[in-house]
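Engineer: Quick one: sequence plus predicted model below, questions after.
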Amino acid sequence: MTEPSSLTGTDESDADSVTDTDTDTDTDTDTDTGVNTNTNTEPTPSAATPFERLDGERGVRALVDRFYDLMDLEPAAAGLRSLHPATLGDSRNKLFWFLCGWLGGPDHYIERFGHPRLRARHLPYAIGIAERDQWLGCMVRAMAEQAVDPTLAQRLAERFFGTADWLRNQGG
């Protein structure tokens, strides 16, 4: 993983990992996700990463595929869909590779493309509140349909919101 950063930051450090959590609790483990929040130690064997809790690559791939299926099929996501190419294969792969690392698994995206630079990579696209909400709606529904643990899904939804809101480059 790259160095931890805020998911709602404004610099090029971008949103590196969902495993970066607030450390204002008395313990080193986030009770919602089981993620070790002490960045000076390795995770304990009993602290599963969100990647592991989603059943690794198989689960992340299923989540990404359902997300893009929903985006492709739902009329409510038409604005978001219009920002993507006609075929979604590359988009599916890039989100899968990114999420694997962001969730605490292998850094497939970084191995292929280097630092994610999320904000810079999304600047060419008009992303406002509607697009943010469409993206989040598809992801929240995909997590529900993939039976992601509700506590983990809530935590991920909060982090996804922070990132999606930070990527906005349009007013309304």
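Structural biologist: Nice, I can see it.
Engineer: For G89, grab the count of nearby residues.
Structural biologist: Look at G89: counted by other CB atoms under 10 Å, it has 9 neighbours. Placement of C-beta: from N, CA and C, glycine included.
Engineer: if I look at it, how far off is L99?
Structural biologist: Distance, G89 to L99, by CB to CB, to the nearest Å: 16 Å.
Engineer: So, low pLDDT: which residues of the protein?
Structural biologist: Applying pLDDT under 70 to the chain picks out residues 1-46, 172.
Engineer: Show me where the chain has its helices.
Structural biologist: For the chain, applying DSSP state H gives helices covering 50-53, 56-73, 78-81, 89-102, 108-113, 118-122, 129-145, 150-166.
Engineer: Could you tell me how far the second one lies from the centre of the chain?
Structural biologist: What that stands for is helix 56-73. From the chain centre to the centre of helix 56-73 is a distance of 12 Å (CA atoms, centre = their mean, to the nearest Å).
Engineer: For that helix, which helices and strands make contact with it?
Structural biologist: If contacts are counted by 3 or more CB pairs under 8 Å, 6 or more residues apart in numbering; DSSP states H and E, helix 56-73 sits against helix 78-81, helix 89-102, helix 129-145.
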